[in-house]
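Colleague: Give me the fold of what follows.
(4 chains, ligands or ions: 4)
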4 protein chains.
Amino acid sequence: MGSGRVAVRVGAGRRFFSVSTRRWEVLSTDELPERVHPLFSKSPAATSKLWNLTWPKEPRNILLVKKQNVPFVRTAMIELAKHIKNTYPKTNIILEPAVAHSTHHEFSFPVYTLPPPPASTPFPYTQSTYPRTPGDLINPYHTKTDLLVTLGGDGTILHAASLFSTSRQVPPVLSFAMGTLGFLGEWRWNEFVEAVRVVFEGAGRVLRRERLKVGVYDRDGKRVGGDWGEVQGIGDAHAMNEVNIHRGKDPHLAIVEVFVDGRFLTEGVADGMIISTPTGSTAYSLSSGGSIIHPSVSSLLITPICPRSLSFRPLVLPADSVLTLKLSERNRSDEVEVNVDGRRWGGIGRGEEIRVWSEDMRKEGGWGGIPCVRGGKGGGDDGWVGGLNGLLKFNHPFGEDE
Amino acid sequence: MGSGRVAVRVGAGRRFFSVSTRRWEVLSTDELPERVHPLFSKSPAATSKLWNLTWPKEPRNILLVKKQNVPFVRTAMIELAKHIKNTYPKTNIILEPAVAHSTHHEFSFPVYTLPPPPASTPFPYTQSTYPRTPGDLINPYHTKTDLLVTLGGDGTILHAASLFSTSRQVPPVLSFAMGTLGFLGEWRWNEFVEAVRVVFEGAGRVLRRERLKVGVYDRDGKRVGGDWGEVQGIGDAHAMNEVNIHRGKDPHLAIVEVFVDGRFLTEGVADGMIISTPTGSTAYSLSSGGSIIHPSVSSLLITPICPRSLSFRPLVLPADSVLTLKLSERNRSDEVEVNVDGRRWGGIGRGEEIRVWSEDMRKEGGWGGIPCVRGGKGGGDDGWVGGLNGLLKFNHPFGEDE
Amino acid sequence: MGSGRVAVRVGAGRRFFSVSTRRWEVLSTDELPERVHPLFSKSPAATSKLWNLTWPKEPRNILLVKKQNVPFVRTAMIELAKHIKNTYPKTNIILEPAVAHSTHHEFSFPVYTLPPPPASTPFPYTQSTYPRTPGDLINPYHTKTDLLVTLGGDGTILHAASLFSTSRQVPPVLSFAMGTLGFLGEWRWNEFVEAVRVVFEGAGRVLRRERLKVGVYDRDGKRVGGDWGEVQGIGDAHAMNEVNIHRGKDPHLAIVEVFVDGRFLTEGVADGMIISTPTGSTAYSLSSGGSIIHPSVSSLLITPICPRSLSFRPLVLPADSVLTLKLSERNRSDEVEVNVDGRRWGGIGRGEEIRVWSEDMRKEGGWGGIPCVRGGKGGGDDGWVGGLNGLLKFNHPFGEDE
Amino acid sequence: MGSGRVAVRVGAGRRFFSVSTRRWEVLSTDELPERVHPLFSKSPAATSKLWNLTWPKEPRNILLVKKQNVPFVRTAMIELAKHIKNTYPKTNIILEPAVAHSTHHEFSFPVYTLPPPPASTPFPYTQSTYPRTPGDLINPYHTKTDLLVTLGGDGTILHAASLFSTSRQVPPVLSFAMGTLGFLGEWRWNEFVEAVRVVFEGAGRVLRRERLKVGVYDRDGKRVGGDWGEVQGIGDAHAMNEVNIHRGKDPHLAIVEVFVDGRFLTEGVADGMIISTPTGSTAYSLSSGGSIIHPSVSSLLITPICPRSLSFRPLVLPADSVLTLKLSERNRSDEVEVNVDGRRWGGIGRGEEIRVWSEDMRKEGGWGGIPCVRGGKGGGDDGWVGGLNGLLKFNHPFGEDE
Ligand SMILES: NC(=O)C1=CN([C@@H]2O[C@H](COP(=O)(O)OP(=O)(O)OC[C@H]3O[C@@H](n4cnc5c(N)ncnc54)[C@H](O)[C@@H]3O)[C@@H](O)[C@H]2O)C=CC1
Ligand SMILES: NC(=O)C1=CN([C@@H]2O[C@H](COP(=O)(O)OP(=O)(O)OC[C@H]3O[C@@H](n4cnc5c(N)ncnc54)[C@H](O)[C@@H]3O)[C@@H](O)[C@H]2O)C=CC1
Ligand SMILES: NC(=O)C1=CN([C@@H]2O[C@H](COP(=O)(O)OP(=O)(O)OC[C@H]3O[C@@H](n4cnc5c(N)ncnc54)[C@H](O)[C@@H]3O)[C@@H](O)[C@H]2O)C=CC1
Ligand SMILES: NC(=O)C1=CN([C@@H]2O[C@H](COP(=O)(O)OP(=O)(O)OC[C@H]3O[C@@H](n4cnc5c(N)ncnc54)[C@H](O)[C@@H]3O)[C@@H](O)[C@H]2O)C=CC1
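Modeller: Ligands and ions are numbered 1, 2, ... in the order given. So this is what the prediction gives:
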């Protein structure tokens, strides 16, 4: 690998990009060495919620994901890719297909992207084209990415996380907030040299964000797919923020039965119902009146959306609960919407249900969760406090001058 | 009028019902005498929020509206119609078309309904078929109904109110709660003899529920219609509960600019935004976190639906404000939903807006509002307190046995 | 009047200030001409919530009230007094006793203050010494003040309003926000020349803030006083923000029965219960979860403080309701606190109650309320929108840079 | 022990009860055998939040705590004591002093109570007299009680827990709800035979409720006591529900600085601030707008009481955080109240602070927490769901008949 010559033949030898004068520039991820898994060790200080991130050997395959349609983010991404490649010459830069094809001419080194989809798949790729071919259960992002870097806001991180929504092992995520600083974006862009150094040198501290696992079941208890069906065929889908059921454009209230560990808890008559991770507690759940839960509190949140009851307060349950939302047989419309991390999954009908579990991060040597690299400044601080104050404008007192 | 013989020819002489052995049973409302308008006078007691309802002459045309598809409500309606006709022989019973056609054989007297729609209108009528023919601006319900009686729940009252949504003068509404007692349903069914007597004898006390008026405007400020377009051609549409803008099935937040009296107030980034009457304060607005406003407090409510802000508290504004909700040019989806009283009005695009005024009940001799006949028991009580406690389960203390 | 010679002997001829070389500087308000009452007329524009303020003859007696213990506020007050006197030489400056005595040497003209209290009253006066002598029911502030000017924040306006809490006719209030801009402070200090001109020239626009009237009753229904007893002997006490019952330092929940127009509404088991004006809706009621009510919406708010119920939502009632809060016989502690506008009224015991009415501003030619002079800029705007956004930090969106 | 003869002389040989004909009836807890500690083992089922309770040897010393002043609770307690003694003759019944002295004549066996206080302590004992003598750091309840049984409501459980607030090892608590079923009371009275059997036979399942530890510190960081000072001299005080700072009867807002792990989080301007356990999430925190947290979610809650900010949402933090509430130097009053589990601790002044940690139940073989014996019915259910629905009236839908 490492040579452009091989790249014109990937997979079963198909060419997957338009011929160009410098045709070696976009290579297939199939050419990359296998993924290097990082090591996580718990900080000894009792009050730290962070893990130390180190590498058994140097990370090489770096997936860069950027916000779409913003010129200066494109520029920044190119600068970052060059910086990484210059500083660590053995690294390989992976880009999403559309990004790879529209930026490869900016680089003096090859960039990698996914192998092409089957002939029937419309070209060009977009960010929302899932990286899979029918019958091909191996997602190259999952098997190759050592480190994931995002440039954008919360939406970009959510998108990047979604690329690993069917993987049990998300690579460390290094996020740069471009412009508007989002709640999840940890580093300011002007810190990028420092940030890259910290991560590569194994000096990073990582917040593990527990995800939740979602399955959709029909009225006979059989697992079903939707738009994401085939993906789910290969395992559980994971959400970073939340899954919700919502009445959508039906003007009538949805009727949703809620079960905890298989036992009936309550019936929500509402616009909808959210099951959220602690990370998602500052997203839709917050807008719906939920509390803010620190991402280190292992738990699942049930937050109703505009419930037709004065006394439906948000609930926080242990992460090892299994939560079920079932569309009541008495629901007025035939179908309600299911959304995962702000992306439409599909509709479910009466008697159908979604089930939610949290990832168990205590199992299997600390795997699980989205390992987000924290800013390096300060001692034991985990950045959450700053996010609350700066970004959520938490607890702004009144009556004071701007 | 009053004789079955005339009935076979209505309007321009068209027959509008299937020939039957007792073909005189369903007559056109065109045959009815003109509407009798009631008189409202304010109760002298300082603390009463109610008006006295009297009649300059005996009411004759009684429109009965019932909940659909519930056998015992149908039975009750038939009993009520017979009781009214027996007790006050000069009265005429008006029914919605589908109801008239499916129950007329139960009566020994004719019932009235709307004249037929133009040939192109699909038969049979449903409750949601609006009572109008193209080019015919005169709604017979508006010109003929002296008294409106509903049998059902809040939904039935909302539907009945919607039949007068383009009228400035809603007849007195006498509501019976069938089974489940709704917040707006004032009389229990077993009180029907008393209720009818009270209303006909001019001993009724009435709560005037202010409605709001809605107009939809395009980006050039021109009034537009939607599904309700033609109706709006003949005047303002009125809502009893609320109008809202909602993201609908689009999974992304809607961005809505709010103006008060033409001045910018704030930009809501939210699922949606509600403008509600005090009556609607116990409907969707309540589920979205709004306060409960007594229907006699002349005001309009702005309540955000799941706002992306910790500090967007519901607002209560003077009824004489003009409120505007405008879809921001920065809204992500092309269209958001507009709903009026839980009924889809249509969609609006970026730059389009809805404007809301309250009815001014202080003008023109006390016209305006929905005059709801209150239960006769007790002194100055207006029934609202009972509704709060019994129906909303307001302020249920915890920790007590059932 | 107008001559220092008379001033040394007031009331029963007692001297009420220390002898000084320029002893004519502090004179008694008894020397002042009678109060000039302003005229209020409603703005013709339909959507304006403001009144126009004009004077039948030029205002002369100006009461200046300032925040305590802030040097630059003292300096500003002196500058303002001189400006008024220079511009309108016939005006007389009234100051609170302690302020008069500590600043009179700064002026080349006499200032006026209250006649001295009876011998038994401790000297010197403080802002919280009420301006009355036993047996003397005539409050000189009430009979002499044409215009009330405050320099400080909301607390200063509340204090100034409290000087008129037993008067039916509060003079126009011109408020300057000193430093921290409070929600009720209408003018910035640097606008003072303009503000004074506008008011004196009859170009002011006024927001009338409805107050509420409070009475405390024992278990036999007899009116009682507390610390404010004698004041109440001469009439109703009025509150600008709210009256509340609170458990105080008793660690147990208070049990309070709530009545509307003499009818039982609910029993609150809570830290306490607030009855608020619309003006007070942005004060304690807001912190307790109440909605924000525009001061022109004629109403009273009931807001529970930390109620032991999931379903006790704040209520908004018509202003012409009589609301009663009664301490339950089952209350655990013997006494709970009653506070009016953030000032302790006293305690009430089991079976005792407070009753609240709103001022009726519709009666008697527009009297009633606190006439607050609004900033002169803009057309129909009433300043409230600015207050919401600037001061309450209403609807701050998250995730954006400062 | 076991013989009445010894009992008349305890401690330094003082008699501590009035001489009676059957003077052996009230004995000192000093006579009792040492405490038997139960064993907790985790239920193997993945979703269970409960522990199994077994005994290395049969429990013998049973402390019965009852609600005061309710005749039928007294009767029930006597019945229960007799039942236990009859069924397990080797058990010893411990009662609180006042209860022991007022009921001993009902039993044909001796009951045990605390040794007498020093001569200066007023007699008779009340439930709130703490069981300690100066210089005697050994609390007999802590060293002798095998099993704690409560008869009453939540308040009685709180009181019983407070008897162990300075102990690291709370015995298993078996609670009977008498009449009004409280949220924490697990068994109905009519189940008492079954409940006792389950516990004694080692078939009990236990919910471990994490407590929080509170320390009060002066402005130099030195630990201080208050009313509870001496108790704290012997170790940390623990709370079952919460600790709060509150303005008390001062009518002005308190200003409290909040620190997490020593880092400044925010400044609360509010009535007060609560730090709560998950158990306390359904107590004061809930009334103040907090979410409901399952007692198995290891965490601490920060909930403001009526904050002067639109954007101070409740927070949920990891249990291993150290939270600090410090009274600001800018606080208006000299002192604010500190309450622990609804009991006044004392006041703190400006610059003074309270620090809160959670018990760490993961340490030392499962010690820590309040082990509450759950009802035996059903499989994996932990009773919490029932409490929510039945007791909190969680999510009562509106509009339905009672
Ligand atoms: N009414 C509401 O508050 C709604 C919120 N959402 C949220 O939007 C998310 C999807 O995001 P986009 O695709 O970017 O949609 P979007 O473009 O509609 O933006 C969602 C907003 O949520 C913020 N956000 C996302 N995750 C967050 C987190 N964990 N903590 C704090 N802020 C967060 C983003 O910064 C952005 O401001 C969903 O996962 C859902 O949580 C979705 C629909 C309605
Ligand atoms: N999340 C929510 O709370 C939502 C509420 N709605 C409300 O539903 C109304 C339409 O009603 P339906 O067609 O019957 O729809 P529906 O069958 O979905 O029922 C709405 C519920 O609201 C109740 N309701 C209606 N008006 C009320 C009022 N003024 N005060 C108290 N309760 C009231 C009804 O009794 C019923 O329980 C809309 O005007 C809107 O206010 C609509 C969508 C969502
Ligand atoms: N937890 C809370 O929010 C509490 C609020 N208060 C409020 O404080 C008021 C007394 O004020 P002070 O003597 O200055 O006490 P203070 O010095 O404790 O300050 C009260 C705060 O409320 C603000 N405020 C007062 N009236 C307001 C209004 N109508 N709208 C918006 N903000 C307003 C002031 O600017 C100040 O920030 C009471 O009338 C009560 O409304 C009193 C106790 C507790
Ligand atoms: N505004 C409020 O909600 C206030 C609540 N409290 C609570 O009262 C507790 C002290 O209780 P008492 O001495 O009996 O005082 P109390 O006689 O004033 O009763 C407090 C109420 O809280 C309930 N309660 C106590 N702990 C609970 C829990 N963990 N979950 C659900 N409900 C619970 C009790 O059943 C009772 O109804 C404090 O720990 C505090 O949480 C104290 C003051 C004000």
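Colleague: any low-confidence regions in chain A?
Modeller: Along chain A, segments meeting pLDDT under 70 span A:1-24, A:43-48, A:117-138, A:180-182, A:225-236, A:360-366, A:376-382, A:397-402.
Colleague: quick check: domain ranges of it?
Modeller: Using automatic domain parsing, the domain parsing of chain A gives A:4-209, A:212-358.
Colleague: Could you pull up the contacting residues of A:Ser288?
Modeller: Applying Cβ atoms under 8 Å, 6 or more residues apart in numbering or on different chains, we find A:Ser288 in contact with A:Ile274, A:Thr303, A:Pro304, A:Ile305, A:Cys306, A:Pro314, B:Cys306. The way it works is simple: take the backbone N, C-alpha and C, and place the C-beta from them, glycine included.
Colleague: change it to 10 Å
Modeller: A:242, A:244, A:270-274, A:276, A:301, A:303-307, A:314, B:271, B:288-289, B:305-307 (Cβ atoms under 10 Å, 6 or more residues apart in numbering or on different chains).
Colleague: burial measure for the closest residue to ligand 1 within the stretch 251-400 of chain A, as a count.
Modeller: Ligand 1 sits closest to A:Gly342 of the stretch 251-400 of chain A, with a gap of 2.4 Å, by Cβ to the nearest ligand atom. If you count neighbours by other Cβ atoms under 10 Å in any protein chain shown, A:Gly342 ends up with 21.
Colleague: Including distance to C:Tyr217, could the domains of chain A go into a markdown table?
Modeller: Converted to a markdown table, these look like this (distance: least, Cβ to Cβ, whole Å):
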| stretch | distance to C:Tyr217 |
| --- | --- |
| domain A:4-209 | 52 |
| domain A:212-358 | 31 |
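Colleague: Determine the number of other residues adjacent to the single nearest residue of the stretch 51-200 of chain A relative to ligand 1.
Modeller: Proximity of the stretch 51-200 of chain A to ligand 1 (Cβ to the nearest ligand atom) peaks at A:Gly155, 2.9 Å away. Neighbour count for A:Gly155, taken as other Cβ under 10 Å: 16.
Colleague: wait, is it part of a helix?
Modeller: Yes: under DSSP: H, G, I helix; E, B strand; the rest coil, A:Gly155 falls within a helix.
Colleague: what's it in contact with, if anything?
Modeller: With Cβ under 10 Å, 6+ apart, A:Gly155 has these contacts: A:Lys67, A:Gln68, A:Gly182, A:Leu184, A:Asp341, A:Gly342, B:His252.
Colleague: What's the separation between the second one and A:Glu186?
Modeller: Pointing back at A:Gln68 there. From A:Gln68 across to A:Glu186, the span is 21 Å (Cβ to Cβ, to the nearest Å).
Colleague: neighbour-wise, which of those two wins?
Modeller: For A:Gln68 versus A:Glu186, neighbours defined as other Cβ under 10 Å are more numerous around A:Glu186 (25 against 15).
Colleague: Quick check, A:Lys85 in contact with A:Glu106.
Modeller: No: using Cβ atoms under 10 Å, A:Lys85 is not in contact with A:Glu106; the gap is 11.8 Å.
Colleague: More neighbours: the two, which one.
Modeller: Here A:Lys85 and A:Glu106 are compared on neighbour count by other Cβ under 10 Å; more neighbours surround A:Lys85, at 18 against 15.
Colleague: So what's the residue count around the closest residue to the more buried one other than its chain neighbours?
Modeller: Residue nearest to A:Lys85 in three dimensions, not counting chain neighbours: A:Phe109, with 5.6 Å by Cβ to Cβ, 6 or more residues apart in numbering or on different chains. Number of residues near A:Phe109 (other Cβ under 10 Å) recorded here: 17.
Colleague: and A:Phe109, backbone torsions?
Modeller: A:Phe109 has phi and psi values of phi -130, psi 160 when expressed as degrees, to the nearest 10.
Colleague: Please state the offset of the biggest helix by length in chain A from the chain centre?
Modeller: Longest helix in chain A, counting residues (DSSP state H): helix A:71-87. Here helix A:71-87 is found 22 Å from its chain centre; the criterion is Cα atoms, centre = their mean, to the nearest Å.
Colleague: on contacts alone, who are the packing partners of that helix?
Modeller: For helix A:71-87, the packing partners by 3 or more Cβ pairs under 10 Å, 6 or more residues apart in numbering or on different chains; DSSP states H and E come out as strand A:61-66, strand A:92-95, helix A:97-103, strand A:147-152, strand A:173-177, helix A:192-200.
Colleague: Give me the contact list for it.
Modeller: Under Cβ under 10 Å, 6+ apart, the answer for helix A:71-87 is A:59, A:62, A:64-68, A:70, A:91-95, A:99, A:102-103, A:106-109, A:111, A:147, A:149-153, A:156, A:174, A:176, A:178-179, A:189, A:192-193, A:195-197, A:199-200.
Colleague: need the helices for the stretch 201-350 of chain A, in chain order.
Modeller: A:229-233, A:284-287 (DSSP state H, counting those that start in this stretch).
Colleague: Tell me who's in contact with A:Gly185.
Modeller: A:Gly185 neighbours (Cβ under 10 Å, 6+ apart): A:150-154, A:156-157, A:175-179, A:372, A:387, A:391, C:399.
Colleague: Distance-wise, check the residue lying closest to it once chain neighbours are set aside relative to ligand 3.
Modeller: Leaving aside its chain neighbours, A:Gly185 sits nearest to A:Ala177 (3.1 Å; criterion: Cβ to Cβ, 6+ apart). Distance, A:Ala177 to ligand 3, by Cβ to the nearest ligand atom, to the nearest Å: 33 Å.
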